[in-house]
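**Q** Just the structure for this:
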Amino acid sequence: MPTAVQIRQTGGPEVLEAGDVEVGDPGPGELLVDVAAAGVNYIDTYQRSGVYKIDLPATLGMEGAGTVAAVGEGVTGFAAGDRVAWQGVLGGYAQQARIPATAAVAVPEGVSLETAAATMLQGVTAHYLVRSTYEVREGDTILLHAAAGGVGLLLTQLAKARGARVIGTVSTEEKAALASEAGVDDVIRYDQVDFAEEVRRLTGGEGVAAVYDGVGKSTFDGSLASLRVRGFLVLFGAASGPVPPVDPQRLNAAGSVYLTRPTSAHYVRTRDELAWRTNELFEAVTSGALKVRVGAKYALSDAAKAHEDLQGRRTTGKVLLIP
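**A** So this is what the prediction gives:
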């Protein structure tokens, strides 16, 4: 029987349990995939802790890549032996996973399965943030928190390709170097200075067109204070905890600014939209225009350690589980 990492109750990393599971044959419209790599993301920690409610018991993991072992009734476009990747459905922390064929995309030649797994959820997130939530334009200045994280490194490269100036916050010199290497123009050590004041200084008092904030509670006020008039605060995560309720009048006082809380599912609502985003990402990877950095790999049995390191901000780039 294949091994999977499941939770039977919510809590800390210790509730992650690796054990044998019965996967079964693929049902109608499904693929059975031998998983080569599964991505570890903050959404996994929200589900594990109960911040995001899911039915239990559950196998965590919202993205992965591998080889199709079998196809279910009615599936077209995929066959056994195909290399595929997916995002947006549970079950990646496993040696085998059953996934809807509609969530899968083909992995092109020249892209490894590990790179594909590392590109899917965070890559799609970075893509919709800069292409759809607030569409970055040439000449824009943006602020990005956790610039050396998985989303941060990808978003930086996509924003730079669109002609933006990127200001990024980090907490260590190692992360500062990674952010600069990815293309961040101005790196701010948020542990040493008030980042909002530094953003104002760097922009001549004007502020930035958009803030991409995946940190949440600890950065929200400073993010709001960093915006230019009619700027966009894009709150796409809550690594430091959820933001308390906000009085809409604060958006007026900050300069008639906009606040949005996007989620990936609303930006891949159709098969065509998923294909558009992943095709652009994989084309950028194969051309060398987008570099995907895998910062750490863990065995399934070390999933708890992976969560601890991710939440402890001890990781950079993408974190993968390798079944």
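
**Q** domain parsing for this protein?
**A** According to automatic domain parsing, the chain comprises the domains 3-121+268-321, 138-261.

**Q** Determine which of these approaches residue 132 most closely.
**A** domain 3-121+268-321 (8.9 Å; C-beta to C-beta). Just so you know, the C-beta spots here come from the backbone N, C-alpha and C atoms, and that holds for glycine as well.

**Q** Could you pull up the mean pLDDT of that closest one?
**A** What domain 3-121+268-321 shows for mean pLDDT is 95.

**Q** what about it, distance to the chain center?
**A** 12 Å (C-alpha atoms, centre = their mean, to the nearest Å).

**Q** Give me the distance between the two termini of that domain.
**A** For domain 3-121+268-321, the first-to-last residue distance is 12 Å (C-alpha to C-alpha, to the nearest Å).

**Q** ok, back up a step: and the domains of the chain: which comes nearest residue 130?
**A** From the domains of the chain, taking C-beta to C-beta, the stretch that ends up closest is domain 138-261, at 4.9 Å.

**Q** Quick check: chain neighbours aside, which residue is closest to residue 187?
**A** residue 176 (4.7 Å; C-beta to C-beta, 6 or more residues apart in numbering).

**Q** Spit out the contact partners of the one you found.
**A** Residues in contact with residue 176 (C-beta atoms under 8 Å, 6 or more residues apart in numbering) are 148, 170, 187, 189.

**Q** ok, now residue 85?
**A** 63-65, 104-105, 107, 113, 116-117, 119-120, 278.

**Q** just the residues you listed now: which is nearest residue 80?
**A** residue 104 (13.2 Å).

**Q** That closest one against residue 31, yeah?
**A** Yes. The pair residue 104 / residue 31 is scored as a contact, 5.8 Å apart, by C-beta atoms under 8 Å.

**Q** residue ranges for the helices of the stretch 51-200 of the chain, please.
**A** Residue ranges of the helices in the stretch 51-200 of the chain, as given by DSSP state H, counting those that start in this stretch, are 113-128, 150-161, 173-182, 195-202.

**Q** Counting by contacts, list what the first one packs against.
**A** Same thing as helix 113-128. strand 30-40, strand 63-71, strand 83-87, helix 150-161, helix 271-287, strand 294-298, strand 318-321 (3 or more C-beta pairs under 8 Å, 6 or more residues apart in numbering; DSSP states H and E).

**Q** Distance to residue 239 added to the ones you listed, as JSON lines?
**A** Output for the helices and strands packed on helix 113-128, formatted as JSON lines (distance: least, C-beta to C-beta, whole Å):
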{"stretch": "strand 30-40", "distance to residue 239": "13"}
{"stretch": "strand 63-71", "distance to residue 239": "18"}
{"stretch": "strand 83-87", "distance to residue 239": "19"}
{"stretch": "helix 150-161", "distance to residue 239": "10"}
{"stretch": "helix 271-287", "distance to residue 239": "23"}
{"stretch": "strand 294-298", "distance to residue 239": "15"}
{"stretch": "strand 318-321", "distance to residue 239": "13"}
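
**Q** List the residues that contact the residue most central in space within the chain.
**A** For the chain, the residue sitting closest to the mean C-alpha position, by C-alpha atoms, centre = their mean, is residue 122 at 2.7 Å. Residue 122 sits next to 39, 41, 150-151, 154, 318 when contact means C-beta under 8 Å, 6+ apart.
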